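**Student:** Predicted model, plus sequence, below.
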Amino acid sequence: MNAVIEVQHLKKIFQKETALQDVSFKIQKGEIFGFLGPSGSGKTTTIKILTAQTDKTDGDVLLFGRPANEMKKSQNRKRFGILTDNSGLYTRLSIEENLLLYSDLYQLSKTAVKEALDFVNLYTERKKKVSQLSKGMIQRVTLARAIMHKPDLLFLDEPTSALDPVNTQHIYNGLRKLNEMGTTIFLTTHDMSEAEILCDRVAFLHKGKIRAMGSPKELKKKFGDESITVELKNGEVAVIQNGSEDASKLYEWMQSNEVSRIYTNEPTLGDIFMQITGSDLV
Ligand SMILES: Nc1ncnc2c1ncn2[C@@H]1O[C@H](COP(=O)(O)OP(=O)(O)OP(=O)(O)O)[C@@H](O)[C@H]1O
């Protein structure tokens, strides 16, 4: 298996504050990996270290098998794309002009600009100046720029935090397509439904430490109690466990046509986070 990102015992101390402590994880080629944590848990610091914008205090960080700071070299820059809240766009230029500048820098075709504009649903608004854009539109332009060169690895720091539901869905579809074409995606979010919809695996980050890691399905299995809620037609509600005695009770109710509704009590990722850390994701 090819690890695109390999982090071992990563530590980051800012002055006196420990932002990351003994963080270790591996991301394989083609994965969508989510770093989930509340504000201040260390998500952005991790992205900044992985993309060589901040130095680590200790530990090993490899990207494509090479130390992360080698990604600064111009021949490696094309291999990844980054979306952070620091847009770095030219505000007096239009959306399209900004993307054209970038496409020149990376020697991309004009088609790449059109494709990127479609990706973020901004083609019809491409002539608008960046100074006139809403926060959500700026986030979409920055995303267009991050994906335009179809990088091998994409870092997304809270990619849909400023978007409305329609654009969020549009971006999810685009990210899935990009991933199907081979882009590995590392994203941070405190939106658990986003992680559940997009990610193959997630890590829960809390106070700079990874507290759990796995696919959403594995985590739900590990931390769920496998109980089922049964609502009966007489208004009674019963929570039954997955076992032979309870199964026969359910069978009886069903045979006598007493059941009105039945559902599993699967925890959400947010419930699991709360169970492990005792705090909310927001
Ligand atoms: N440049 C810095 N100097 C000092 N402390 C910092 C610096 N950058 C981050 N920190 C601290 O490190 C911790 C982790 O911050 P980080 O920005 O990585 O969190 P985050 O999970 O990305 O939060 P958010 O979701 O709010 O962006 C916080 O306690 C923060 O105050």
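**Tutor:** That came in fine, so what should we check first?
**Student:** how about the strands of the stretch 151-282 of the chain, start to end?
**Tutor:** Under the criterion DSSP state E, counting those that start in this stretch, the stretch 151-282 of the chain carries strands at the ranges 153-157, 184-189, 201-206, 209-214, 228-232, 237-240, 259-264.
**Student:** helices or strands up against the shortest one?
**Tutor:** What it means is strand 237-240. Under the contact definition 3 or more C-beta pairs under 8 Å, 6 or more residues apart in numbering; DSSP states H and E, strand 237-240 sits against strand 228-232, helix 244-255. For glycine as for every other residue, the C-beta is placed from the backbone atoms N, C-alpha and C.
**Student:** ok, residue 89 - how many residues close by?
**Tutor:** 20 (other C-beta atoms under 10 Å).
**Student:** how close does it get to residue 78?
**Tutor:** Residue 89 is 20 Å from residue 78, where distance means C-beta to C-beta, to the nearest Å.
**Student:** what about stretch 7-25, average pLDDT?
**Tutor:** For stretch 7-25, the mean pLDDT works out to 95.
**Student:** In PDB, list the C-alpha atoms belonging to it.
**Tutor:** Output of stretch 7-25 as PDB, limited to C-alpha atoms (Å, rounded to 0.1, in the frame of the first residue of the first chain):
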ATOM      1  CA  VAL A   7       2.800  11.200  10.400                       C
ATOM      2  CA  GLN A   8       4.500   9.700  13.500                       C
ATOM      3  CA  HIS A   9       4.600  11.100  17.000                       C
ATOM      4  CA  LEU A  10       4.000  14.700  15.800                       C
ATOM      5  CA  LYS A  11       4.300  17.400  18.400                       C
ATOM      6  CA  LYS A  12       3.800  21.100  18.200                       C
ATOM      7  CA  ILE A  13       4.400  23.600  21.000                       C
ATOM      8  CA  PHE A  14       3.600  27.300  20.500                       C
ATOM      9  CA  GLN A  15       5.500  29.300  23.200                       C
ATOM     10  CA  LYS A  16       4.000  27.500  26.200                       C
ATOM     11  CA  GLU A  17       1.000  25.900  24.600                       C
ATOM     12  CA  THR A  18       1.100  22.300  23.400                       C
ATOM     13  CA  ALA A  19      -1.100  22.300  20.200                       C
ATOM     14  CA  LEU A  20      -0.300  18.800  19.100                       C
ATOM     15  CA  GLN A  21       0.800  15.800  21.200                       C
ATOM     16  CA  ASP A  22       2.000  12.400  19.900                       C
ATOM     17  CA  VAL A  23      -0.200  12.600  16.700                       C
ATOM     18  CA  SER A  24       0.300   9.600  14.400                       C
ATOM     19  CA  PHE A  25      -1.700   8.500  11.300                       C
END
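**Student:** All set, thanks.
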